[in-house]
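Q: Got a predicted structure plus its sequence, pasted below:
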Amino acid sequence: MNLADRHIRFGWWSLFVFVCVGITLETLHGFKSSWYLDVGNEVRRLMFTLGHAHGAALSLINIAAGLTSRSLTNSQIRRSTSFSLIWATVFIPGGFFLGGFATFGGDPGLGIWLVPVGALFLLYAVGRFALDASKR
């Protein structure tokens, strides 16, 4: 399987996961779960919402990267770009979700430290992809 196909498959499967997460969050909201909706759980609610939104957006970016790579003639995604984009899709939403499970007053948990690591992966992947696409 080439890297373009890998990103399309990964993007669709991760989008499926984040749609399921969104449905779960809506269910928690609909059933007025105190673990999710109580005033003291505002940080948890924010972290979960950010994790869901970033995960869905990054899933779409993976699909776009795969389709863009297919459409450009003689274009291939670099292995380092592929690695970085996939791990950004794991670390950024994962950091938000982990940060929301155990909160400390108004602060997220330690899992939030995955977000800046994922952001660096994303920055590299998008920049490298843009440079490579510009050269073709």
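A: Everything's here; your move.

Q: Starting from Ile86, give me the distance back to the closest residue to His7 other than its chain neighbours.
A: Distance criterion C-beta to C-beta, 6 or more residues apart in numbering; nearest residue to His7, sequence neighbours excluded, is Gly66 at 3.5 Å. For glycine as for every other residue, the C-beta is placed from the backbone atoms N, C-alpha and C. According to C-beta to C-beta, to the nearest Å, Gly66 stands 11 Å off from Ile86.

Q: neighbour count winner among those two?
A: Neighbour comparison, Gly66 and Ile86: the larger count goes to Gly66, with 24 against 21 (by other C-beta atoms under 10 Å).

Q: buried sites along the helix or strand hosting that one?
A: Assigning secondary structure by DSSP states H and E places Gly66 in helix 42-71. By 16 or more other C-beta atoms under 10 Å, the buried positions in helix 42-71 come out as 43-45, 47-48, 50-52, 54-56, 58-59, 61-63, 65-66, 69.

Q: One more: stretch 17-27?
A: 18, 21-22, 25.

Q: who's in contact with the one residue sitting closest to the centre of the chain?
A: Nearest to the mean C-alpha position of the chain, counting by C-alpha atoms, centre = their mean, stands Gly55 at 3.0 Å. Contacts of Gly55 were listed using C-beta atoms under 8 Å, 6 or more residues apart in numbering, and they are 14, 17-18, 21, 89, 92-93.

Q: Using JSON lines, please lay out those residues together with distance to Ser134 and secondary structure.
A: Below are the contacts of Gly55 laid out as JSON lines (distance: C-beta to C-beta, whole Å; DSSP: H, G, I helix; E, B strand; the rest coil):
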{"residue": "Ser14", "distance to Ser134": "27", "secondary structure": "helix"}
{"residue": "Val17", "distance to Ser134": "32", "secondary structure": "helix"}
{"residue": "Phe18", "distance to Ser134": "30", "secondary structure": "helix"}
{"residue": "Val21", "distance to Ser134": "34", "secondary structure": "helix"}
{"residue": "Thr89", "distance to Ser134": "23", "secondary structure": "helix"}
{"residue": "Ile92", "distance to Ser134": "25", "secondary structure": "helix"}
{"residue": "Pro93", "distance to Ser134": "28", "secondary structure": "helix"}
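
Q: I appreciate the help and will end here.
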